[in-house]
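Colleague: the following block contains a protein sequence and its predicted model.
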Amino acid sequence: MSDIRAVADDVRRIAFAVEGSLPRFDPGSHTNVRVEIGGQAANRTYTVVPSAPSEIAVAVKLHPQSRGGSRYMWGLEPGQPVRLTVPENRFELSFRTDHYLLLAGGIGITPIYGMAKALTARNCSLRVVYAARTRGLMAFTDELTELLGDRLVLRDNSVGEHIDLAAEFANLPPDAECYLCGPIGMLEAAKAAWAAAGRSTSRLRYEVFGDSGLFAEEAFTVDVLNRDISVSVRPDQTLLEALTSAGVQMIFDCQRGECGLCAVKVVETSATIDHRDVFLSAEEKSHGDRLCACVSRLAGGRALIDVGYRPD
């Protein structure tokens, strides 16, 4: 690790000097970082932010209910060796239209910052609207202001400023594209406003961070159908982590709520499901019978789930 600095009250930019050559990667890319939690190795995914050619840099928010990853990252010191993967992209910028609207909420600025820099380098028409609970929680505002000037709009929620999604979408040219990264509530509101504006779903691209829910993290318990096992899930732990730690075999991949491989069936529950994924549709979520174990959870209480296990 080569450099660390604060870029917001609760966000640190951490840069890693890379050994050997580094292939080119586009804005929106992410890297998997090997962290240590409770003496055990684990991987955590972070969006890559603009950096020098010989570096990979990420921005890490210290989450109050951290599962250990952000605490570990904040504890790194210059010179400390860290293993991380070559960045890959699941949130690609198209470079195919004449105007771009980039929307960010909180730590969701991480892919948006890189996109804004790439679009500016190509002299593309763009507007960036960035909202957070307070101005102090907005990362990279100095860099973005210098880069964008009046094409950057900041919305400080603490003084009653919010993103007017309907107005933003109404002002877009017909073929414009919108890229959004933020909490799940912001995403759902944007999807509804985009549809209400009659715009093509293919021109709204989004990513959501997995710690974003409608409810604060609480402990809850699941009983696993046909396994005669109950699993307690801590506030700082995902359901997927708790199940695998208890010896329940699960199929999973992205651990970002995108692929749906870890989805389990909810047979019955005493609590509300806090859906934090982007895999299930709004209609599927309304049924309340499926849950993506890697990011979604219960707002307390207990549930009976079916992971697909059938005794011989």
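Modeller: Structure's in. What do you need?
Colleague: list the contacts of Tyr179.
Modeller: 91, 93, 100-103, 111-112, 115, 205-206 (Cβ atoms under 8 Å, 6 or more residues apart in numbering). Using the backbone N, CA and C atoms, a C-beta is placed for each residue, glycine as well.
Colleague: can you check Ala41 too?
Modeller: Applying Cβ under 8 Å, 6+ apart, the residues near Ala41 are 34-35.
Colleague: if you set the cut-off to 10 Å instead, what comes out?
Modeller: Taking Cβ atoms under 10 Å, 6 or more residues apart in numbering, we find Ala41 in contact with 34-35, 83.
Colleague: where does the stretch 101-250 of the chain have low pLDDT?
Modeller: By pLDDT under 70, the low-scoring segments of the stretch 101-250 of the chain are 209-212.
Colleague: where do the strands of it begin and end?
Modeller: Under the criterion DSSP state E, counting those that start in this stretch, the stretch 101-250 of the chain contains strands at 125-132, 152-156, 177-182, 204-208, 220-224, 229-233.
Colleague: can you put the contacts of Tyr179 in TSV and add neighbour count and distance to Asn157?
Modeller: Below are the contacts of Tyr179 laid out as TSV (neighbours: other Cβ atoms under 10 Å; distance: Cβ to Cβ, whole Å):
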residue	neighbour count	distance to Asn157
Phe91	21	24
Leu93	20	27
Tyr100	21	24
Leu101	21	19
Leu102	25	18
Leu103	27	14
Pro111	24	21
Ile112	28	17
Met115	24	22
Arg205	17	24
Tyr206	18	20
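Colleague: let me know the closest of those residues to Arg24.
Modeller: Leu93 (13.7 Å; Cβ to Cβ).
Colleague: quick revisit: now, which of the contacts of Ala41 lie within strands?
Modeller: Counting by DSSP state E, the contacts of Ala41 place 34-35 in strands.
Colleague: neighbour-wise, which one of the contacts of Ala41 leads?
Modeller: Using other Cβ atoms under 10 Å as the neighbour test, the contacts of Ala41 are led by Val35, with 22 neighbours.
Colleague: taking the contacts of Tyr179 together, which two end up most distant?
Modeller: Phe91 and Leu101, at 15.3 Å, using Cβ to Cβ across those.
Colleague: out of the strands of the stretch 101-250 of the chain, which gets nearest to Asp142?
Modeller: By Cβ to Cβ (comparing all of those), the closest turns out to be strand 152-156, at 10.8 Å.
Colleague: let me know the angle separating that closest one from strand 125-132.
Modeller: Interaxial angle of strand 152-156 relative to strand 125-132 (axes from the mean of the first three to the mean of the last three Cα atoms, to 10 degrees): 20 degrees.
Colleague: show me what counts as buried in strand 152-156.
Modeller: 152, 155-156 (16 or more other Cβ atoms under 10 Å).
Colleague: for stretch 195-208, same thing?
Modeller: Buried residues in stretch 195-208 (16+ other Cβ under 10 Å): 199, 203-208.
Colleague: stretch 3-14 too?
Modeller: In stretch 3-14, counting by 16+ other Cβ under 10 Å, buried: 4, 7-8, 10-14.
Colleague: got it, and stretch 268-276?
Modeller: Buried, per 16+ other Cβ under 10 Å, within stretch 268-276: 269, 271, 273-276.
Colleague: and for stretch 239-257?
Modeller: 239-244, 248, 250, 252, 254-257.
Colleague: between the two ends of that stretch, how far is it?
Modeller: With Cα to Cα, to the nearest Å as the measure, stretch 239-257 spans 12 Å from end to end.
Colleague: quick one: which of the buried residues of stretch 268-276 is nearest Asp312?
Modeller: Looking across the buried residues of stretch 268-276 and measuring by Cβ to Cβ, the closest to Asp312 is Thr269, at 28.0 Å.
Colleague: that closest one bridge partners, please.
Modeller: Ala303 (DSSP bridges).
Colleague: list the contacts of it.
Modeller: 220, 222, 288-289, 291, 298-299, 301-305.
Colleague: of those, buried ones?
Modeller: The buried subset of those - by 16+ other Cβ under 10 Å - is 220, 222, 291, 298-299, 303, 305.
Colleague: now, the most widely separated pair of the residues you listed?
Modeller: Spatial extent of the buried ones among the contacts of Thr269 (Cβ to Cβ) is set by the pair Ala299 and Ile305 at 15.3 Å.
Colleague: SS state for the closest residue to Val60 other than its chain neighbours?
Modeller: Once flanking residues are discounted, Val60 sits nearest to Met73: 4.4 Å by Cβ to Cβ, 6 or more residues apart in numbering. With DSSP: H, G, I helix; E, B strand; the rest coil as the basis, Met73 sits in helix.
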